[in-house]
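Q: here is my input; please provide its structure:
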Amino acid sequence: MDRRDSMRRFTSKLAPANTRRILRDRFVRYLPVMRQGAAPWTANLIPDEQLLDLLLNVDIASGSDIATARATYDAALPPQGGEPSFDAVIAAGWLRVVWGRLATPFEIDQRARAALGDNLTALNVLLKERFKEKFAFREAVRGNAALASLVAEIERGDKAPNSVQSQNPDWVAARLWDRALSATASRDAELRQWVDRWRLLNWPSLVAHKVWSEAAANAFREAALVRLETEPGLTAWEETRTGFLRQMSLRTGQQPDASERYVPALPETLLDRALWLNNLRLEGAIAGMMAASEDLAGIIRLVLADIDEQEFSPAPNPVFKRLMNAAVSRPEILVVVLFRVRWSPALLADLLLHPATSALACWLICEWPGPSGAFDQELRAKDDRVTKGMAFGDAVSVLGAFLEEGSIPSAEAAS
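A: Numbers count the residues shown, from 1 in each chain. This is a model prediction of the structure:
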């Protein structure tokens, strides 16, 4: 009996949750990653409670908010006309709207600023204004003697809110969610407000089930998943390919047909589509795509961090399964998941135990980079090949079981 048959028979006797735990343990041991710590923030520190009070009582008006951006654009249109409407500029691909905010890839932004001349002056005005934010503080902090001078500095523009930190920004971020929860407000609106404030803290990492009560954690997960599942700005595969062609056309000044040879046709299987996203020719377009959905990418990272730390869970984790069902049809979600999984081998167990993504997990293991280092490179590389082979054997045994029971298409396994 070979090792894969042995592993398949062993896991078939276990409850799925136990199989998940075993695979998580084995993948963490077999697939090492390089860990890098972030430098601590040491400037402009204020007490945690003060920073929390400050952020709970600020309203943030973004220049990229769709209503604000439309008003900015319309006000900049020349009186004599001759320029496209705000909606026409979006339809042409110069701008994208994701979660109510305006975005444009860096390359398109630069093309617009450098080459449009006088025929799209309103767009140029908007591109310069879209990063501006206004901060309006409530009386609760205006009357706070410890914060009054800081509030005045921020409102005058002398200090940026994200330049002020505390010793425990993750604690502040956690309290910004659970202390702001309301029984009547829209969860989506609360999530939008929380992300705007979380960004001012420079995106500290959180693990939902460790920092919140069960109710607060569930509220966050549900709000995040609903937004990811329903956000109209996250396009499907064919729309994403069309968007890439449009971006290349705007960047080069050529017709979209001229870019067809640089953007391959979409393959059928999920694994081949992941490889399609790995095409170096699409690197710039994908970077622009991710910049447009930065807030949602941050939410995905938090959802995955929560799953990563859950040792005891059904297999696959229900939240992970729901997230991956969205990722199968929305490539922007898939890109973030693939990047995050490469730094967290424990997540491979959930990816592998979800039939729709099982082949994808096998490919990731095969491509696992391993940590780099200056010492014992040859010995480490040899050990990494051995352990990677063991992890791949485990993964293929699970994939084979899914194939035998007919829960995955044969084309996906063959790819």
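
Q: in the stretch 51-200 of the chain, where is pLDDT below threshold?
A: Low-confidence segments of the stretch 51-200 of the chain (pLDDT under 70): 115-118.

Q: which parts of it are strands?
A: 58-62, 96-98, 101-103, 133-137 (DSSP state E, counting those that start in this stretch).

Q: which strands or helices does the last one pack on?
A: The criterion is 3 or more Cβ pairs under 8 Å, 6 or more residues apart in numbering; DSSP states H and E, and the helices and strands that strand 133-137 contacts are strand 58-62, helix 148-156. Glycine gets a C-beta too; all of them are placed from N, C-alpha and C.

Q: cool, the second one as well?
A: Helices and strands touching strand 96-98, by 3+ Cβ pairs under 8 Å, 6+ apart, are strand 101-103.

Q: one more time with 10 Å, if that's ok
A: Packing partners of strand 96-98 (3 or more Cβ pairs under 10 Å, 6 or more residues apart in numbering; DSSP states H and E): helix 66-76, strand 101-103, helix 283-292, helix 294-308.

Q: burial-wise, tell me which of these comes out on top.
A: strand 101-103 (a mean of 22; mean count of other Cβ atoms under 10 Å).

Q: what's the neighbour count on F86?
A: Counted with other Cβ atoms under 10 Å, residues neighbouring F86 total 21.

Q: ignore what I typed, I meant A208.
A: Residues near A208, counting by other Cβ under 10 Å, number 24.

Q: do I have it right that A69 meets L95?
A: Yes: in this structure A69 lies within contact range of L95 using Cβ atoms under 10 Å: 8.0 Å.

Q: overlap in contacts of the two?
A: Common neighbours of A69 and L95 (criterion: Cβ atoms under 10 Å, 6 or more residues apart in numbering): F86, L102, L126, L127, R130.

Q: doesn't P169 make contact with N44?
A: No: counting by Cβ under 10 Å, P169 is not a contact partner of N44; they are 11.9 Å apart.

Q: who has more neighbours out of those two?
A: Neighbours per residue, other Cβ under 10 Å: of N44 and P169, the larger number sits with P169, 21 against 13.

Q: show me what contacts the more buried one?
A: W41, D48, L51, L52, W198, L200, L201, N202, W203, P204, S205, L206 are the contacts of P169 under Cβ under 10 Å, 6+ apart.

Q: would you tell me which helix is longest in this protein?
A: Looking across the chain with DSSP state H, the single longest helix is helix 377-405.

Q: where does pLDDT dip in the stretch 201-350 of the chain?
A: Checking the stretch 201-350 of the chain against pLDDT under 70 turns up nothing.

Q: which non-adjacent residue is nearest W237?
A: Distance criterion Cβ to Cβ, 6 or more residues apart in numbering; nearest residue to W237, sequence neighbours excluded, is L266 at 5.5 Å.

Q: correct me, but the one you found touches L275?
A: No: if you go by Cβ under 10 Å, L266 and L275 don't touch, sitting 11.2 Å apart.

Q: number of residues surrounding the residue nearest to W237?
A: Look at L266: counted by other Cβ under 10 Å, it has 13 neighbours.

Q: mind checking which helix or strand it is in?
A: Under DSSP states H and E, no helix or strand contains L266.

Q: domain parsing for this structure?
A: Annotated domains of the chain cover 1-33+346-415, 61-129 [automatic domain parsing].

Q: ok, which of these comes nearest T252?
A: Of all the domains of the chain, domain 61-129 sits nearest to T252, with 8.6 Å by Cβ to Cβ.

Q: returning to what we had before: and which of the shared contacts of A69 and L95 is nearest to A391?
A: Distance to A391, by Cβ to Cβ, is smallest for L102 among the shared contacts of A69 and L95, at 42.8 Å.

Q: list the contacts for the residue nearest to I300 when sequence neighbours are not counted?
A: Leaving aside its sequence neighbours, I300 sits nearest to V336 (Cβ to Cβ, 6+ apart; 4.5 Å). Listed by Cβ under 10 Å, 6+ apart, the contact set of V336 reads 228, 290, 293, 296-301, 303-304, 323, 327.

Q: can you give me the helices in the stretch 51-200 of the chain?
A: Under the criterion DSSP state H, counting those that start in this stretch, the stretch 51-200 of the chain carries helices at the ranges 66-76, 86-92, 106-115, 121-129, 139-142, 148-156, 169-178, 187-200.

Q: how about those in CSV, adding distance to R342?
A: CSV is the format used below for the helices of the stretch 51-200 of the chain (distance: least, Cβ to Cβ, whole Å):
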stretch, distance to R342
helix 66-76, 33
helix 86-92, 33
helix 106-115, 24
helix 121-129, 33
helix 139-142, 41
helix 148-156, 38
helix 169-178, 23
helix 187-200, 24
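
Q: and of these, who's closest to L399?
A: With Cβ to Cβ as the criterion, L399 lies closest to helix 187-200 of those, at 35.6 Å.
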